[in-house]
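Novice: output the structure for:
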Amino acid sequence: MHVSLDSALGRQRRLNSVGESVLQIAPSAAAAYSLRSLTGGDPKVVRVRRDTGGGAGDNDEEDFTVSGISSGALVDFVGAGNDGFVDTWYDQSGNGNDAEQATAGNQPKIVSSGSLVVLNSVPALSFDGSSDLFTVTGFAFSPSGDFLAVTVSKISTGNLIDTRDGGSDGFFLQQGSSDFRHRYNGDGSINVSGNDQHIVATSELNGTTLTAYKNSSSSGTDTVTAGLSTTQAITIGRTSFTNGNFTAGSVQEIILYDTDKSANRAALETNIISHYGIS
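Specialist: Next up is the predicted model:
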């Protein structure tokens, strides 16, 4: 909430002052989305549309940096009692792979009735489970070999990220009825307990071994045929090629690497777990 913004972002200030940022710990991400700084600076993180119910400034949009969220400027822009929606979640990797949604009714919420959306006192995006999603145009996330995908969320249903082009080819993370599923190219599938839990979910491909991690602990492996072949632009919040399987819940961070980051994974997850207060 507005009155607790300083405490909500306090963890990030401490990490920036005493330790490395995420993209210093594990550089060269293919794409990186968060409401905190992953660079150690004060990057632009979201473009927000305000819904004032037809009042002054209805549907106005503005960009916000991390400090714009922590200072209360974002909540002030949206206004008391109003809702704020994200039409662009900016990529902090430097590759320009911004996640976008131009249709107002399909935009995730960041301010609800005048209060910042938070999960465990840390800012989050709320996906409604029926229409909210982002598309990263021109970015298929189709590494030829090893990769690492790290997400922070608490969702009850739907596909969190998805790269498939209409069949099994591709990679996706999906919340089922009871398990958080890591699926890869039709021949790899690992189910991890995590329904509606606030978790760091990591998928790592090392050679032909796909490993799923929950809060930095291995939760299973599968042997796969390495090499993604999809050309479908990645989606956040829904299956990439249909209108179904929308995400319901809160999402805080998604970081994707298209190279081997096994040497950095544990340190990366430690940073993330500390920031979000996940046990």
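
Novice: which stretches of this structure form helices?
Specialist: Under the criterion DSSP state H, the chain contains helices at 5-8, 10-18, 22-25, 66-70, 73-78, 265-276.

Novice: just checking, what packs against the fourth one?
Specialist: It stands for helix 66-70. helix 5-8, strand 44-51 (3 or more Cβ pairs under 8 Å, 6 or more residues apart in numbering; DSSP states H and E). (Glycine included, C-beta is placed from N, CA and C.)

Novice: what are the buried residues along it?
Specialist: Judged by neighbour count using 16 or more other Cβ atoms under 10 Å, the buried positions of helix 66-70 are 66, 68-70.

Novice: what does stretch 54-69 contact?
Specialist: With Cβ atoms under 8 Å, 6 or more residues apart in numbering as the test, stretch 54-69 has contacts from 5, 9, 12, 35-37, 42-52, 73-74, 77, 79, 87-88, 90, 104, 116, 123.

Novice: just the CA atoms of the longest strand belonging to the chain, as CSV, please.
Specialist: Longest strand of the chain, by residue count under DSSP state E: strand 147-162. Below are the C-alpha coordinates for strand 147-162, written out as CSV (Å, rounded to 0.1, in the frame of the first residue of the first chain):
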residue,chain,number,x,y,z
PHE,A,147,19.4,-22.0,-21.0
LEU,A,148,18.1,-20.7,-17.6
ALA,A,149,14.7,-19.3,-16.9
VAL,A,150,13.9,-17.8,-13.5
THR,A,151,10.4,-16.6,-12.4
VAL,A,152,8.9,-15.2,-9.2
SER,A,153,5.1,-15.6,-8.9
LYS,A,154,2.1,-16.8,-7.0
ILE,A,155,-0.4,-18.1,-9.4
SER,A,156,-3.4,-20.5,-9.2
THR,A,157,-3.8,-21.4,-12.8
GLY,A,158,-2.6,-20.7,-16.4
ASN,A,159,0.6,-20.5,-18.4
LEU,A,160,3.1,-18.1,-16.9
ILE,A,161,5.4,-17.9,-19.9
ASP,A,162,5.0,-19.8,-23.2
